[in-house]
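> Return a 3D structure for these sequence lines:
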Amino acid sequence: MSVHFSVCATAKYQEKYIEFLLENYEKLNLNYSFPVSLSYLSSPIFMDREAILLLDEDEVIGAVGYIHGTGEQQYEDIHVVQIQVVFLLEKYRRGRIFMQALQFLGQHLAQLKQPPQELRFWVPDSAGLDKICARFAQKISEMQTDFGVIAHYSADFTNYHSFAMAYPHELYYSLVRR
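Numbering: from 1, shown residues only. Below is the predicted model:
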């Protein structure tokens, strides 16, 4: 297995990102209606073109998508990055691959001209996810939806980056500012 990452900078990879998430829509277990889910899944491509594919050879095995800014601030607060989706196929949901994805995302964001100051994300409320997220983020709130409870998390980017890089890692970028 040779897992590597690709930022979706071309139409071909952007299409692969959307196709992969739609093919696995049922497995995403999103706590929103399909139209709302589709807007979250596609916004990284349509707003910022900020999506990442995880690949094993040429097979897409996972995806990460994020946007800069928040709707409340008309997306002008670009110091905030909202993670819209993190998904790995079940057979790849092992700690090491997830950690590599966290590390790649951290390095990728750190090398941007304006690295973020804060990461925000939402996950289905569950004890297992709470335990993982609490290692690098704080739960801000919980919200009941028609499809279940979701927990809102926030992480200081410097703390997130330090957490991810504390484990053995590869350097994906030659210049990492953090």
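> mind showing which ranges of this protein have poor pLDDT?
The model of the chain has pLDDT under 70 over residues 1, 127, 175-178.
> the helices in it, which residues?
Secondary structure of the chain, counting by DSSP state H: helices at 11-23, 25-28, 34-43, 95-110, 127-133, 157-165.
> who's in contact with residue 65?
Counting by C-beta atoms under 8 Å, 6 or more residues apart in numbering, residue 65 makes contact with 17, 21, 41, 43-45, 50-52, 83-85. (C-beta placed from N, C-alpha, C; glycine too.)
> Excluding sequence neighbours, find me the nearest residue to it.
Distances taken as C-beta to C-beta, 6 or more residues apart in numbering put residue 44 closest to residue 65, at 3.3 Å, once the chain neighbours are dropped.
> show me what contacts that neighbour?
So, once contact is read as C-beta under 8 Å, 6+ apart, residue 44 ends up touching 17, 50-51, 65-67, 84-85.
> ok, back up a step: quick one, which of the helices of the chain is nearest to residue 147?
helix 34-43 (9.3 Å; C-beta to C-beta).
> so how many other residues sit close to the nearest residue to residue 37 once chain neighbours are set aside?
Closest residue to residue 37 apart from its sequence neighbours, by C-beta to C-beta, 6+ apart: residue 30 at 4.4 Å. Neighbours of residue 30 under the rule other C-beta atoms under 10 Å: 23.
> returning to what we had before: same list as before, the helices of the chain that is, but in JSON lines and with mean neighbour count and distance to residue 72 included.
Formatted as JSON lines, these follow (neighbours: other C-beta atoms under 10 Å; distance: least, C-beta to C-beta, whole Å):
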{"stretch": "helix 11-23", "mean neighbour count": "16", "distance to residue 72": "25"}
{"stretch": "helix 25-28", "mean neighbour count": "12", "distance to residue 72": "25"}
{"stretch": "helix 34-43", "mean neighbour count": "16", "distance to residue 72": "15"}
{"stretch": "helix 95-110", "mean neighbour count": "19", "distance to residue 72": "21"}
{"stretch": "helix 127-133", "mean neighbour count": "11", "distance to residue 72": "22"}
{"stretch": "helix 157-165", "mean neighbour count": "18", "distance to residue 72": "19"}
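> What distance do you get for the closest residue to residue 99 other than its chain neighbours to residue 140?
Nearest residue to residue 99 in three dimensions, chain neighbours excluded: residue 167, at 5.7 Å (C-beta to C-beta, 6+ apart). Per C-beta to C-beta, to the nearest Å, residue 167 is found 25 Å from residue 140.
> got it, and residue 31?
The spacing between residue 31 and residue 140, counted by C-beta to C-beta, is 16 Å.
> before we move on, the earlier item: burial measure for the residue nearest to residue 99, as a count.
The number of residues packed near residue 167 is 12, by other C-beta under 10 Å.
> so who does residue 85 touch?
Residues counted as contacts of residue 85 (C-beta under 8 Å, 6+ apart) are 21, 28, 40-41, 44, 63-65.
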